[in-house]
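Chemist: A structural model of the following input is requested.
(chains A and B, ligands or ions: 1)
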Amino acid sequence: MVPADEGGGLMRADLLVEPVAGLDEVLAVVDAFDRTLVGGLLRPHPTQAGALAELAAAVAGTPLAGRVAEAAEKAAAGTASEDHLVALAAARTALLGAAHDALVTRADEATGRDRGEEAQAVPAGQGEQAANLQAAARTWLADVARAGWQGIDHDLIADSAPVVFAMLPDPTLRRLATLLDGFSAELAASCPGATLERFPLRRWADLWARALLLTRPRVDAGPAVGTATGRLLPLGVDVQEHATAAQAQVHAVFEPADGSPPRLVRASVSVSKPDTVVGVGVWQLLRPHLSLLAAAGEGRAMDLTDMPITAEGDLIWDDAHARTGRPADAFATARVALPTAVAAPTTPLDRHPTRIAIPVFLEGYAAAEDGATALVLAGHHIPVDVDRIPTAGPLTPEAVATSTACIGLLRWDAGAFRIQPLAVETTVKKKTVALHAGAWAGGTTDKLGVKAEKAATEAVAVLRERAGKLLRK
Amino acid sequence: MLSAWEESSVARVLPPARPRKLAKVPFVELADGRLQGVVSSGSDIGRVYVSSVAAGDFAFTCSTNNNRPCGGAHGGFCKHIEALIGEAVLQYGAERVARYLRVELANGRSEAWDITRTMGASRPPQGDKTAAAPVFSRFLRHLAYLELVPTTTPLPEMQWFPPTRAVA
Ligand SMILES: [Zn+2]
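Modeler: From the prediction side, this is the model:
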């Protein structure tokens, strides 16, 4: 624990900026593989063969070794089958899984947090139709890898659309479908690849590899392994969105009624949406399906009875198992309950640095001279991801820059730990006020917010009216 | 060495659409190498026009969803295509629309009017009429997003899609 006068709450900021042993080496192998996807694997260049051999060498001591070595050899010769490409994706995923584990260990040291036992994957049942769609998605992803980012064109990318639309209604395929929908939209907007000057190398390789692994029969994070009964204290709301999907996740401390240690948990809700529904329109679509959003917005706890929960700490929310409880200020929760809450581990196949989102409480920091782009904790600059603050809410980068306390998510991207603000305390007219990124999730009385709500309601009404006429003809 | 953008798993590639009123032009997209969409008929509530302009040669089409050609789209852009371009600029920003359609704007001006006029001045050809059916079915699929059942089972892959404050 850091003495209070050094600032940073309970955070050991020095550990966040100190290099993690072995990480650069792992990422160098990943980067080299990611570059092979630029030119594609149809007619690989000798430098691509080198990168593929490096990837195989990096997993030589693991159960994947044999399959990946064969896959690397075939890919280098331009003759990789779909299964070979899956093996390469698995090798890349294993390396980033190791990076994830090292980063989480470091983050837990920095925040002084305990983490529970490893979660085991439970196979989920799937129908034949699902298997056919997964096979179609796999074929498309293989074609994309052969073409390479430079080789993508409108015809190739358009091939994914029927597969995605067939998948979306099937709950067991929702993860893959939502991922492919967001990924293919980016690729489509970037066509033809031959005209691109630069490529989001890590990102597209991540999306490609994850999608490819999701085309294989596997676990959904879905199957609940237990139930939760007790008090849920919201910390903040994180929102994620692409053109045609959005997800809100409420991070919270759960205090079990049986007196066992408090846990860090999440509750999620996701919807599909037309790309013209944005901002508060997204909150409007999410709101009816997670009463917790309103409770979090009003600063209230919720009482849970037998709410399903996964080993990863994800509540599978059902309003029938929840009741709105007493007022519970998020900053009080962050100061008092958060420090002792135990975090859940991540399912092996889902380990990736991008999955890291650890609730933290910070105070006693200063804003960096250039504004809100970094917070200075005990002399160390920790970047702030202000771009993640949703526009449909009262929290702004300016408020973060003048804040005195912050509830955030500790994340890692592009070589550094960073803070995503979920809420801040700041001083307005000598009074401390709290501003939450998700304050409008459950509704708002803010003047600008009300206006935006009205416009968004109208937009959705127009589309629903059209859908009523055209879809049910 | 990779740049920070290249080594970011959450590099922002596509800015989100900007909100706009949807009554006149319920659907606009930049897809399949075209600006395409669906425009409401001014006179008949039950009728819509499917309009498109191709990138590069600006070949244009406009017909009803029942495949009747638009009376206004002879020899030049009709009012539906003009409305389509206008709403596309609202939704995506003029720069992205101009870049996608490969419109070279004089003096770097880029507003809906400049884009429309520049394309119109190049005497664009009539496009392939078979484009209307797939555009209309894409519109129906777009509407179907509202019909899908929301889920409280987490979608871990959405971690790759953070919001952005950047506007189109
Ligand atoms: Zn017309």
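
Chemist: right, and residue B:96 touches residue B:29 too?
Modeler: No - in this structure, residue B:96 sits apart from residue B:29 without contact. The criterion is Cβ atoms under 8 Å, and the distance is 11.9 Å. Using the backbone N, CA and C atoms, a C-beta is placed for each residue, glycine as well.

Chemist: so these two - more neighbours on which side?
Modeler: Using other Cβ atoms under 10 Å in any protein chain shown as the criterion, residue B:96 and residue B:29 rank with residue B:29 on top: 23 against 18.

Chemist: residues touching the more buried one, list them.
Modeler: With contacts defined as Cβ atoms under 8 Å, 6 or more residues apart in numbering or on different chains, the neighbours of residue B:29 are A:275, B:35, B:36, B:37, B:138, B:142.

Chemist: cool, and residue A:463?
Modeler: With the criterion set at Cβ under 8 Å, 6+ apart, residue A:463 makes contact with A:274, A:276, A:277, B:22, B:26, B:143, B:146.

Chemist: re the thing from before, tell me which of the contacts of residue B:29 is nearest to the ion?
Modeler: Closest approach between these and the ion, by Cβ to the ion: residue B:37, at 11.5 Å.

Chemist: output the set of residues of the stretch 351-473 of chain A in proximity to chain B.
Modeler: Counting by Cβ under 8 Å from any Cβ of the partner chain, the residues of the stretch 351-473 of chain A close to chain B are A:352-355, A:357, A:385-391, A:397, A:413-415, A:420, A:452, A:455-456, A:458-460, A:462-464, A:466-467, A:469-471.

Chemist: can you flag which of those belong to strands?
Modeler: Counting by DSSP state E, the part of these found in strands is A:413, A:420.

Chemist: which of the residues of the stretch 351-473 of chain A next to chain B fall within helices?
Modeler: Residues from these lying in helices, with DSSP state H as the criterion: A:397, A:452, A:455-456, A:458-460, A:462-464, A:466-467, A:469-470.

Chemist: the ion: which of the contacts of residue A:463 is nearest?
Modeler: residue B:26 (15.1 Å).

Chemist: before we move on, what SS does the residue nearest the centre of chain B have?
Modeler: The centre of chain B sits closest to residue B:29, judged by Cα atoms, centre = their mean, with a distance of 2.7 Å. Judged by DSSP: H, G, I helix; E, B strand; the rest coil, the three-state class of residue B:29 is strand.

Chemist: got it, and residue B:11?
Modeler: For residue B:11, the secondary structure call by three-state DSSP comes out as coil.

Chemist: wait, it sits on residue B:2?
Modeler: No - at 10.7 Å, residue B:11 and residue B:2 do not qualify as touching, with contact defined as Cβ under 8 Å.

Chemist: element containing residue A:69?
Modeler: In this assignment (DSSP states H and E), residue A:69 forms part of helix A:65-76.

Chemist: circling back to that earlier point, more neighbours: residue B:11 and residue B:2, which one.
Modeler: Applying other Cβ under 10 Å to residue B:11 and residue B:2 shows that residue B:11 carries more neighbours, namely 21 against 17.

Chemist: just the pLDDT at the more buried one, thanks.
Modeler: The model reports residue B:11 with a pLDDT of 96.

Chemist: how near is it to chain A?
Modeler: Distance, residue B:11 to chain A, using Cβ to the nearest Cβ, to the nearest Å: 4 Å.

Chemist: distance check, that residue against residue A:186.
Modeler: From residue B:11 over to residue A:186 the distance is 10 Å, taken as Cβ to Cβ, to the nearest Å.

Chemist: find residues that contact each of the two.
Modeler: Jointly contacting residue B:11 and residue A:186 under the rule Cβ under 8 Å, 6+ apart are residue A:200.

Chemist: show me the shaky parts of the stretch 201-350 of chain A.
Modeler: The stretch 201-350 of chain A contains residues with pLDDT under 70 at A:218-223.

Chemist: what's the overlap in contacts for residue B:11 and residue B:2?
Modeler: residue A:202.

Chemist: please identify which helix or strand holds residue A:236.
Modeler: With elements delineated by DSSP H and E, residue A:236 resides in strand A:226-242, which encompasses its position.

Chemist: can you give me the buried ones in the helix or strand where residue A:25 lies?
Modeler: Secondary-structure element containing residue A:25, defined by DSSP H and E: helix A:23-39. For helix A:23-39, the neighbour count (16 or more other Cβ atoms under 10 Å in any protein chain shown) marks A:23, A:26-27, A:29-39 as buried.

Chemist: cool, and stretch A:360-376?
Modeler: Judged by neighbour count (16+ other Cβ under 10 Å), stretch A:360-376 contains these buried residues: A:360-365, A:367-368, A:372-376.

Chemist: over to stretch A:207-217?
Modeler: For stretch A:207-217, the neighbour count (16+ other Cβ under 10 Å) marks A:207, A:208, A:209, A:210, A:211, A:212, A:213, A:214, A:215 as buried.

Chemist: now do stretch A:72-82
Modeler: Judged by neighbour count (16+ other Cβ under 10 Å), stretch A:72-82 contains these buried residues: A:72, A:73, A:74, A:75, A:76, A:80, A:82.

Chemist: export it as PDB, just CAs?
Modeler: Once side chains and other backbone atoms are set aside, the C-alpha atoms of stretch A:72-82 remain, and they are given as PDB (Å, rounded to 0.1, in the frame of the first residue of the first chain):
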ATOM      1  CA  ALA A  72       3.200 -22.400 -40.600                       C
ATOM      2  CA  GLU A  73       4.900 -24.600 -43.200                       C
ATOM      3  CA  LYS A  74       1.800 -25.000 -45.300                       C
ATOM      4  CA  ALA A  75       1.000 -21.300 -45.000                       C
ATOM      5  CA  ALA A  76       4.500 -20.300 -46.100                       C
ATOM      6  CA  ALA A  77       4.000 -22.400 -49.200                       C
ATOM      7  CA  GLY A  78       0.700 -20.700 -49.900                       C
ATOM      8  CA  THR A  79      -1.200 -24.000 -49.400                       C
ATOM      9  CA  ALA A  80      -2.800 -23.500 -45.900                       C
ATOM     10  CA  SER A  81      -6.200 -25.100 -45.500                       C
ATOM     11  CA  GLU A  82      -8.900 -23.600 -43.200                       C
END
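
Chemist: measure how far it is from the centre of its chain, please.
Modeler: If you compare the mean C-alpha spot of stretch A:72-82 with that of the full chain, they lie 31 Å apart, counting by Cα atoms, centre = their mean, to the nearest Å.

Chemist: list the contacts of that stretch.
Modeler: Contacts of stretch A:72-82 with the rest of the structure, by Cβ under 8 Å, 6+ apart, involve A:36, A:41-44, A:48-49, A:52-53, A:55-56, A:71, A:84-85, A:88, A:138-139, A:142, A:145.

Chemist: now do stretch A:432-451
Modeler: With Cβ under 8 Å, 6+ apart as the contact definition, stretch A:432-451 has outside contacts at A:236-239, A:248, A:250, A:280, A:283, A:286-287, A:293-298, A:329-331, A:389-390, A:392-396, A:399, A:404, A:421-427, A:453.

Chemist: how about it, which residues are buried there?
Modeler: Counting neighbours by 16+ other Cβ under 10 Å, one finds that the buried residues in stretch A:432-451 are A:434-444, A:446, A:449.

Chemist: now those residues in TSV, with pLDDT, secondary structure and distance to the ion?
Modeler: Converted to TSV, the buried residues of stretch A:432-451 look like this (pLDDT from 0 to 100; DSSP: H, G, I helix; E, B strand; the rest coil; distance: Cβ to the ion, whole Å):
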residue	pLDDT	secondary structure	distance to the ion
A:434	96	strand	52
A:435	97	strand	48
A:436	97	strand	47
A:437	96	coil	43
A:438	95	coil	43
A:439	95	coil	44
A:440	94	coil	39
A:441	93	coil	41
A:442	90	coil	43
A:443	90	coil	41
A:444	89	coil	40
A:446	88	coil	41
A:449	89	helix	38
